[in-house]
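> Sharing a model that was predicted from the sequence below.
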Amino acid sequence: MLALIKREIRDNFGFFIIAIILTVVFTLIVIYSILIDEMGKMPIGIPIVMYTIFSFLLAFLPFICTSFGAQQMYTDRNKKISTFLATMATTRRRILTAKIITGLLWIGIIIVPLATVEAILLRVFPPIVPADTSFLVKLFITLFLICLACYCMGLQIGWNTNKFFPILGGLALTPVLMSIIIIKGFGIETALILLLLSIASMIRVWQQVITTPL
């Protein structure tokens, strides 16, 4: 399994470079803003830079997640990677599991470090007026779930043999998923809807991969 995951990372190295760059840049922006801008005044509530970074990620990250999932599956089917690996004493279930673990790792590389840094900064430099950090937690949970839903959807549409369908499908369906947040907000209903959509897409992907002749 570890060898399959390493292969997935190597095959999608460009996406991981993008993830690392985004993580480093956004983390440095937050740290710089807190240390330079916020220390010179009396912070009241959660620093605005944290909401700004979140808004940027929410606007663009789901599209990248969809593209990542679609690229994984389209490349696999187009280049018959699973067909080749299946001849080397492995199974399609293990191959797909490695892809999903790689996708979750990619999402985690962006979200987890940034969320951790923000949590540490809020403890080291607490605002004078106590802030409701539970809302910030809801934001990051929602961001993870929308990224997961878009990634799973990307896996599903990337299995299509049409070269342009993954691109067009991602551009068309990603805003539809994102509109759920606009309509429902960042509450439990949104989280459940996104989670159920992720599960449904994942089940469909498993059915496609397992039943389609390689």
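In hand now; what should we look at?
> And the helix or strand hosting residue 157, what does it pack against?
Counting by DSSP states H and E, the element that carries residue 157 is helix 133-158. Here helix 133-158 touches helix 48-78, helix 92-124, helix 165-184, helix 188-211, going by 3 or more C-beta pairs under 8 Å, 6 or more residues apart in numbering; DSSP states H and E. (Glycine included, C-beta is placed from N, CA and C.)
> Which of those helices has the lowest mean pLDDT?
Sorting these by mean pLDDT places helix 165-184 lowest, at a mean of 73.
> related to what we said a few turns ago, and the helices and strands packed on helix 133-158: which comes nearest residue 21?
helix 92-124 (9.9 Å; C-beta to C-beta).
> Hmm, residue 34 is touching residue 46, no?
No: shown here, residue 34 and residue 46 do not form a contact pair, counting by C-beta atoms under 8 Å, at 10.7 Å.
> So for the two, which sits in the more crowded spot?
Counted by other C-beta atoms under 10 Å, residue 34 and residue 46 do not tie: residue 34 has more neighbours, with 20 against 17.
> so how many other residues sit close to the spatially closest residue to that one that is not a sequence neighbour?
Of all residues not flanking residue 34 in the chain, residue 121 sits nearest, at 5.0 Å (C-beta to C-beta, 6 or more residues apart in numbering). Here the count is done by other C-beta under 10 Å, and residue 121 has 19 residues near it.
> Same question for residue 29.
15.
> for residue 98, same thing?
21.
> Setting the sequence-adjacent residues aside, check what's closest to residue 140.
Here the residue nearest residue 140, using C-beta to C-beta, 6+ apart, is residue 115, at 4.8 Å.
> That neighbour: neighbouring residues, count only.
By other C-beta under 10 Å, the residues close to residue 115 number 20.
> Go ahead and confirm it touches residue 138.
No: the criterion here is C-beta under 8 Å, and residue 115 misses it with residue 138 at 11.8 Å.
> thought residue 208 was touching residue 159?
Yes: Residue 208 is within contact range of residue 159, at 5.0 Å (criterion: C-beta under 8 Å).
> neighbour-wise, which of these two wins?
residue 159 (21 against 16).
> how far away is that one from residue 142?
According to C-beta to C-beta, to the nearest Å, residue 159 stands 27 Å off from residue 142.
> again, but for residue 114
Applying C-beta to C-beta to residue 114 and residue 142 gives a distance of 14 Å.
> can you check residue 4 too?
Taking C-beta to C-beta as the measure, residue 4 falls 30 Å from residue 142.
> same thing with residue 36?
29 Å.
> between those two, who's got more neighbours?
residue 142 (21 against 9).
> Hmm, that one is touching residue 189, no?
No: with contacts defined as C-beta under 8 Å, residue 142 does not count as touching residue 189, sitting 10.9 Å away.
> do you know which of the helices and strands packed on helix 133-158 lies nearest residue 9?
helix 92-124 (6.0 Å).
> What angle do helix 188-211 and that closest one make with each other?
150 degrees (axes from the mean of the first three to the mean of the last three C-alpha atoms, to 10 degrees).
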